[in-house]
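**Q** Build me a structure from this.
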Amino acid sequence: MAYWNLTKSLTKGEAVYDTIVSYSPGLFFFQMPDSHVFNVESTQYTTMTEAVPPYCERISFSPNQTTQKIPIYKTDLIRGENENYPAGTLLSFWSAIKPDGSKLVQAMNYLPQLNTIDTHSGEVVAYRKKGGPGYSILQSDAKTFDRYYICVQADDKYIYAPYWGKEQWDGHGSLPEINEIHVFDWDGNLCYKLTADRSFFVASLDPVRNRLYSRDWNTDDIYYLDLNEL
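**A** Sure, this is the predicted structure:
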């Protein structure tokens, strides 16, 4: 992993890296305000029916590299019984970090659930939609499952999670119009449900302008919601 010095690179007209370290990032990784890196590992597949569950790592690269592992699940191995979906797939998620580095959020794909993780204490708290499916989906023999959270972004006050809540699409043709965005606070309270006039399949937060951008995958057009106006 390279620490890219943008200021020196622009001045010299070439890429300047302050530090390069040997490192194998997970599915998501975040630079912390205190120079640590928070690494979020996805499910590690072993077989179709067994997998190592996701976990997090808090890594310090100086003066000597140290790694603190933060488990998310209270088991070292998960087992599923579905022949169509590997056990690890049903625990997949998107992740974002609070800008002050104190908490991480995971918005799950196949459960209507958010997990918040304290990056210092390792405390994990899960919030699930009332009446929604739970981890029993691992034992389900269904041929298809509903998709819930498609992406997640966060600032110091809110968590923004585009939501589908319907049957998984088959991946052919146009993507469905996903225009509902759930806005949570960091205590897991659902504060707002936003309905956009355009599809918000994957979102990206601009914290300077306070905008939530998205690309319409059917047209390649870029749209944004001005969060100051909501």
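**Q** partners of the lowest-mean-pLDDT helix or strand in the chain in the sheet?
**A** Lowest by mean pLDDT, DSSP states H and E among the helices and strands of the chain is strand 44-45, with a mean of 76. Take DSSP bridges as the rule and strand 44-45 pairs in its sheet with strand 50-52 (antiparallel).
**Q** Averaged pLDDT, the partner strand. What do you get?
**A** Averaged over strand 50-52, pLDDT sits at 89.
**Q** what distance separates the following helix or strand past that strand from the centre of its chain?
**A** Sequence-wise, the next helix or strand downstream of strand 50-52 (DSSP states H and E) is strand 55-60. Mean-position distance between strand 55-60 and its chain equals 15 Å (C-alpha atoms, centre = their mean, to the nearest Å).
**Q** elements contacting strand 55-60?
**A** Helices and strands touching strand 55-60, by 3 or more C-beta pairs under 8 Å, 6 or more residues apart in numbering; DSSP states H and E, are strand 37-41, strand 66-71. C-beta coordinates here come from the backbone N, C-alpha and C atoms, glycine included.
**Q** Select the longest strand from this structure.
**A** Scanning the chain for the longest strand, with DSSP state E as the assignment, gives strand 158-167.
**Q** State the pLDDT value of the closest residue to Glu50 other than its chain neighbours.
**A** The shortest distance from Glu50 to any non-neighbouring residue, by C-beta to C-beta, 6 or more residues apart in numbering, is to Arg79 (5.4 Å). We have a pLDDT of 90 for Arg79.
**Q** Over to the one 3 residues further on?
**A** At Asn82 the predicted local confidence, pLDDT, stands at 84.
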